[in-house]
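In: Just to be clear, the model below is a prediction. Sequence and coordinates:
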Amino acid sequence: MTALLDVAPFKGMDAEVLDRIEARSRMLEPRDGAPVFAEGDPPDAIYAIVAGTGHVRIGTLDRSSKGLMFEVFRVGDIFGEIGVLDGSPRSADAVAQGRIRLLRISAQVFLDAMHSNPMLGADLSHMLATRLRRTSVLFRDATFETLEVRLAKQILYLARREGRNTEQGRQLAGRLRQGDLADLLGATTRSIITILNSWRADGLVIYDPTQARLTICREADLQRLVGSEVG
């Protein structure tokens, strides 16, 4: 069975077509912390996350090494498609965190598949529109919302996207260090720690800094903090 069956935007495509794509691609198992590509690299491939419990962090650093994390991708996601589509150098860094398996699909193989399979192009457009909508919300929130509201929105987004229910509440998948949460919002780690400590004191969340695990104990109260919309 092809590894791409459950990967967006390949879902629903004929298995024989997916097998041909996979046969012309290469499986990778990057070590924890290894770069997949760097900002400015040529856009020579897209990557599908096909297995593993880790994730791929997409982001960038400024000249003072302050980080900004755009997104976290896990099993079932693809990344690196923007450069392949417009032919421009990579616009961000991609770093593997934890254990993952990637299928590296060369730019030519992906473009050939898209040209010969209209469903792939349609599903890719839908995926990109969803990501663009999220980026628009993040940009708006960075302008108009407080850091506390922005953090709550991102935690709720991650919990609903890939969280799991526990006896204590809904736990976010994977490890998220306080610095990761800060990078996701372009904030300082100290400011994130201050907010998390306040939430912990109020019983809204549990955060284990040793395991880097965050659990939402009172999701409804966190939702009331942000209103009706989660970015």
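Out: Yep, that arrived. Residues are numbered from 1 along each chain as shown.
In: C-alpha only now, for contacts and for neighbours.
Out: Will do.
In: Direction included, what does the helix or strand of the chain with the lowest mean pLDDT pair up with?
Out: Between all helices and strands in the chain, the lowest mean by mean pLDDT, DSSP states H and E belongs to strand 67-73, at a mean of 83. With DSSP bridges as the test, strand 67-73 is paired with strand 55-61 (antiparallel).
In: Need the phi and psi values for Arg150.
Out: Per-residue torsions, Arg150: phi -60, psi -40 (degrees, to the nearest 10).
In: Can you list the strands that the helix or strand that comes right after the least confident helix or strand of the chain pairs with?
Out: Note on strand 67-73: by DSSP states H and E, the next helix or strand toward the C-terminus is strand 78-79. Applying DSSP bridges, strand 78-79 is found paired with strand 45-52 (antiparallel).
In: Pull the residues that contact the partner strand.
Out: 3-4, 7, 73-81, 84, 99-108, 110 (C-alpha atoms under 8 Å, 6 or more residues apart in numbering).
In: from these, which would you call buried?
Out: Among these, those buried by neighbour count (16 or more other C-alpha atoms under 10 Å) are 3-4, 7, 73-81, 84, 99-107, 110.
In: What is the helix or strand harbouring Ile193 packed up against?
Out: In the assignment (DSSP H and E), Ile193 maps to helix 189-202. Applying 3 or more C-alpha pairs under 8 Å, 6 or more residues apart in numbering; DSSP states H and E, one finds that helix 189-202 contacts helix 178-185, strand 205-208.
In: partners of Gln97 in the sheet?
Out: Applying DSSP bridges to Gln97, the residues it is bridged with are His55.
In: Count residues in the vicinity of Ile58, would you?
Out: 24 (other C-alpha atoms under 10 Å).
In: What sits closest to the spatially most central residue of the chain if chain neighbours are left out?
Out: Compute the mean C-alpha point of the chain, and by C-alpha atoms, centre = their mean the closest residue is Val72, 2.1 Å away. Nearest residue to Val72 in three dimensions, chain neighbours excluded: Arg57, at 4.8 Å (C-alpha to C-alpha, 6 or more residues apart in numbering).
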